[in-house]
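Asker: model the structure of this input:
(chains A and B)
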Amino acid sequence: MNPYLANYTPLPGVADELFDADGTMRPVWAPFMDQLGSLSPADLAAHLARGDQYLRDAGVYYRHYGEDQTERDWPLSHIPVILHEDDWTRLCDGLAQRADLLEQVVADLYGDNRLVAEGHLPAELIAQNPEWLRPLVGVKPASGHFLHLLAFEIGRSPDGSWLVLGDRTQAPSGAGFALENRVATARMFPEPFPRANTLRLAGFFRAFRDAMNALPGARDRQAAVLSPGQGNDTYFEHSYIARYLGLMLLEGEDLIVQDGAVQVRTVSGPQPVGVLWRRLDAAYADPLELEESSQIGTAGLVEALRRSNVNMVNALGSGILETRAFMAFLPKLAQVLLGGPLTLPNIATWWCGQDAERAYVRDNADALFIGDALSRGLPFEIGTGETAIPEGQTLGQWIDAQGARLVAQEPAKLSTSPAWDGAGLTPRPMSIRVFAARTPDGWVFLPGGYARIGQPSGTTALSMQSGGSVADVWVMRDGPVPEETLFEPGTIRRQETGALPSRVADNLYWLGRYIERTECAIRLLRAYHLRLTETGNASDVCVTRIESLLGDWGLSVDAPLDRALESALGPARHCARRMRDRFADDGWNALADLTNQLENLSGHLIWGDDTARMLGVLLRKITGFNGLVHENMHRSSGWRFLTFGRALERADGVTAVLDRFATGEAVPGLPGVALEFGDSTITHQRRYRIEPIPATVIDLLALDRHNPRAVLYQLTTMRRIAQDLPFAEVHGRVSPVLKLLRPLETRLTVAEPGDLDTAALADIRQILNQVSISLSATYMV
Amino acid sequence: MLYDIGLTVTYRYDVPSDRGKTLVRLLPTDIARHQSVRSSQLLVDPVPAERHDERDFFGNAMSVLSFSQPLTEVSYCVTAQVERIAEVRGLDLSPTLGSLAGEIAQHRQLGPRAPHHFVSASPRVSPDAAITDFARSVAGSGETSLHIVERVGQALHEEMRFDATATDVHTSPSDAFANRHGVCQDFSHVMIAALRALGVPAGYVSGFLRTLPPEGQPRLEGADAMHAWVSAWCGTETGWIEYDPTNACLVARDHITVAHGRDYGDVAPVKGVLRTSGNQSSLHAVDVVPVDGTDR
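Answerer: Numbering: from 1, shown residues only, chains lettered A, B, ... in the order given. Below is the predicted model of the structure:
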């Protein structure tokens, strides 16, 4: 007997995935349970920890809605739910029928409205529905279909049959998390058997991507994921799946509509987009014709759709099918539109706008879940659609008064599946999310990957937001399953990576600048603390000058380190987050590491030497990040903008320091600060063999084209990069950026140290500022 | 009655706006048994880089304009000749409120004139307890719905004060009603909220008023700019009727329709996604003059 099942007792009145009604383990589970049972508690703990570690390293998170908007670790439930392929195939047949039905319904709602005219759907459920988007009425989708990617939430009833709990048609999320679940379970249970008999997930994504690329006009145009941005709860998934499928990750502001065609703003100018896999709610997609207040949409998108110029996955307005009250009508609509019953029923639902149904709900109110008819929440999502009954009204009176605004559903008594409670396995309620993609050969289903596991307390509370977790789902065959990958065997071909979206270029450029700004701040702070230690005098001229320059940079020496540096590092993190799909996990982790290090330090430091030493540690962390960029990042235009930003910021930082510490009459100690900031003390000693004076320091930190800390060196870097950017030369004329950089580079090439007085240094900074503005104006609009 | 209509709307921006898109609903259209458009044109200065003329869901004429250059000033100039057809109103056959609900439910259509679009909250008109109480207190019982529309409109006209400066385009009906003042937009939004609270489908109409009244009649309020009033559905037999709460009258030959929808948001004459950090100001000039000899 498996020791971890000692306390596993299925609950009365519900089905269990592991054991059948007679208490016999279902054969499909046996190989996995045997394997699990053979592990010692210590080994098992180590196995499970590997899954958690993987998810942490990969940075898998979802955003928690609420006051703090914090990112939460992905709540993995370690034990997969296991189903047999035969059961799964039957399930998918039923869901394919349902998908076809949904397509016909939505086509009618935005087309002839026959269902309303013939009395199969009440007009008010459509007309009062915020998801019925009037500007889209009569607009035929370019692809010929409204629905391309669907998800169904399904659960098993006490009698063992499956029920559909909800349809996700707006912008179903979770397929990317399913992939991560699968990688995590593979880390936890790497043994080839039973994994070898489990259906793979990659084929689904390949089919979906190929289907998108086969849509009309998609061949010569970009396909992209359209995301609401990093404030969204599933932004991680958007970036993950865009990277996995090689699609651009775009936000509304990346797109413009010209001549009714959708284009992405890139550093090489506007590029046509053929397919948008939409992950934002339709109402926010176009501030011109839909929700006026939307900050995340694209003006003119509806116009583009009206002119059938872009394929939308799924069509704007498809979200109406998620309306809870529709569940009451779909069984009958199946008869009307398909000529037969639903092979997979949905959860019993009554719309209180009909007399007989309302009477039934009134008589059975205590046994039903009653909520908002137009809510799009799933039946078990607590807090969505539950309405309080006003005082002085009985439940029955309330139901009569609200009428058509209410819908009632039977509470789902979901089956249970094993979950790890720290010592053994325990039954928890679960529901499965099944993803379906439309392909030229019909609907294709993602075989498993995503189940919600509820709290022990009940069999209806499954929402992740309220503390549930997510498990992998294994669909198993009796024999081994062939390996599958995203690419068809033997078809290696180098893909065009596509032009860099302007917004991403902007973020990379500013990431480069803020990272360097952080480094400059750390260097100067370190110099401050070293001087403070040496002189023990807070009014020493070096100390006060450093303090004043730090003040110019918005840094206070009195603030704790983490807060002082946050003004530079915070924006750096923000930029990085906004283009998560561009970052390899290592780069992301290096940045996170820097932040963590900073947080750990604060509050534990003694001013002076101790702080200076810790700042040295931070510098090495930042060098680690820069090293990754330098060593690992592909020399594409993304790298160019990042590096350009760093070079510009460094040139500016050094110039500012030179102005403060290497001009005017020689005050002992001041030029040394500049050298230390520029990491050039030793070189100086070797080269000039005198105490640093302004002239030697300017020579080394401004005019030396071999010193990577010198202004001239950075100007040369910038000029070389600018030559590789688009529009570097158009009709024999150089770009505005080069027009500024070339004369400045020449000027410093021929300058003598004495030429660079305060006025000249200020002029250099002024030109650098113009370079920045001109770069933005050329590539980021 | 045949009218010559001239309208100029000018927007000025302190800081040049970003290039952007604008959606314009300024041109009157043919409406059966109501008005017929002899000619109409919209001129935009500067000329937009792109212009697409469409019909929106409610059948209104709309133009989607794109500007490729930053704007400091843009003007929209409408000239039109429209014949306003006098509606013949017969006996009041509209149902009582009690039967109206049943007639709505029987109406199995989702076309632009279907009552279902106009019965519940819309983006700019949400239910308001004070307006609901007011509506119930003036509606009485057993009256026909047509009668109730007139009564509610009349009562609002008496209750609220016309004040051209007290509110702006974003003022909610709740605020306008709480302060008992506003312009035609506020009067109309409050009346829509009141009628919907009683179960009468109600919508928003934008349009023009003749500038100078026929001899011997008072000049109507709202003739200096675009005007707004209310349409209400009074049952299958009567259909849509229109009432102007700002002037307390059923709409007749002095009102020319430009657009109709659920509330102002559906008919906003100029709706733009222009990004500008500075202030903007706008200027309206309207002329609605009967063509000689068609008066009476």
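
Asker: tell me what the helix or strand residue A:546 falls within is packed against?
Answerer: Here residue A:546, judged by DSSP states H and E, is contained in helix A:541-552. Contact here means 3 or more CB pairs under 8 Å, 6 or more residues apart in numbering or on different chains; DSSP states H and E; on that basis helix A:541-552 packs against helix A:502-535, helix A:637-661, helix A:670-677. C-betas here are computed from N, CA, C, even on glycine.

Asker: I'd like the next helix or strand past the top strand by length along chain B.
Answerer: Using DSSP state E, we find that the single longest strand of chain B is strand B:2-17. Note on strand B:2-17: by DSSP H and E, the next helix or strand toward the C-terminus is strand B:21-24.

Asker: does that following strand reach chain A?
Answerer: Yes - applying CB under 8 Å from any CB of the partner chain, one finds strand B:21-24 in contact with chain A at B:21, B:23.

Asker: residues contacting whichever helix or strand comes after that strand, please?
Answerer: Note on strand B:21-24: by DSSP H and E, the next helix or strand toward the C-terminus is strand B:35-45. Identification of contacts with strand B:35-45 by CB atoms under 8 Å, 6 or more residues apart in numbering or on different chains yields B:2, B:24, B:26-30, B:51, B:63, B:65, B:74-85, B:256-257.

Asker: which stretches of the stretch 301-450 of chain A have low pLDDT?
Answerer: By pLDDT under 70, the weakly predicted segments of the stretch 301-450 of chain A are A:380-388.

Asker: return the residues in contact with the residue of it at minimum distance from chain B.
Answerer: Evaluated by CB to the nearest CB, the stretch 301-450 of chain A has residue A:303 as its residue closest to chain B, separated by 5.2 Å. By CB under 8 Å, 6+ apart, residue A:303 lies in contact with A:257, A:260, A:288-289, B:52, B:54, B:64.

Asker: ok so, going back, drop anything exposed from the contacts of strand B:35-45.
Answerer: With burial judged by 16 or more other CB atoms under 10 Å in any protein chain shown, the buried subset of those is B:2, B:24, B:26-29, B:63, B:65, B:74-78, B:80, B:82, B:84, B:256-257.

Asker: mind checking how far the residue of chain B positioned farthest from its centre is from residue B:236?
Answerer: Distance to the chain centre peaks in chain B at residue B:69, reaching 31.6 Å (criterion: CA atoms, centre = their mean). Counting by CB to CB, to the nearest Å, the separation of residue B:69 from residue B:236 is 51 Å.

Asker: could you do residue A:500 as well?
Answerer: Counting by CB to CB, the gap from residue A:500 to residue B:236 is 60 Å.

Asker: what do you get for residue A:446?
Answerer: 50 Å.

Asker: neighbour count: those two, which is higher?
Answerer: Counted by other CB atoms under 10 Å in any protein chain shown, residue A:446 and residue B:236 do not tie: residue A:446 has more neighbours, with 27 against 15.

Asker: residues in contact with the more buried one?
Answerer: Residue A:446 makes contacts with A:175, A:178, A:201, A:204-205, A:434-437, as judged by CB under 8 Å, 6+ apart.

Asker: rerun that using 7 Å as the cut-off
Answerer: Taking CB atoms under 7 Å, 6 or more residues apart in numbering or on different chains, we find residue A:446 in contact with A:175, A:178, A:201, A:204, A:435.

Asker: so which residues on chain B come close to chain A?
Answerer: Proximity of chain B to chain A, by CB under 7 Å from any CB of the partner chain, involves residues B:20-21, B:23, B:50, B:52, B:56-57, B:64, B:107-110, B:114, B:116-117, B:120, B:265, B:271, B:273.

Asker: okay, and which of those residues map to helices?
Answerer: residue B:265 (DSSP state H).

Asker: now the buried members of the residues of chain B next to chain A.
Answerer: Buried members of those, scored by 16+ other CB under 10 Å, are B:20-21, B:23, B:50, B:52, B:56-57, B:64, B:107-108, B:110, B:114, B:116-117, B:120, B:271, B:273.

Asker: in the chain, where is pLDDT below threshold?
Answerer: No chain was given, so I picked chain A. Using pLDDT under 70, the flagged stretches of chain A are A:59, A:61-72, A:380-388, A:456-467, A:485-498, A:584-585, A:601-607.

Asker: should've been chain B
Answerer: B:17-19, B:222, B:273-280, B:293-296.
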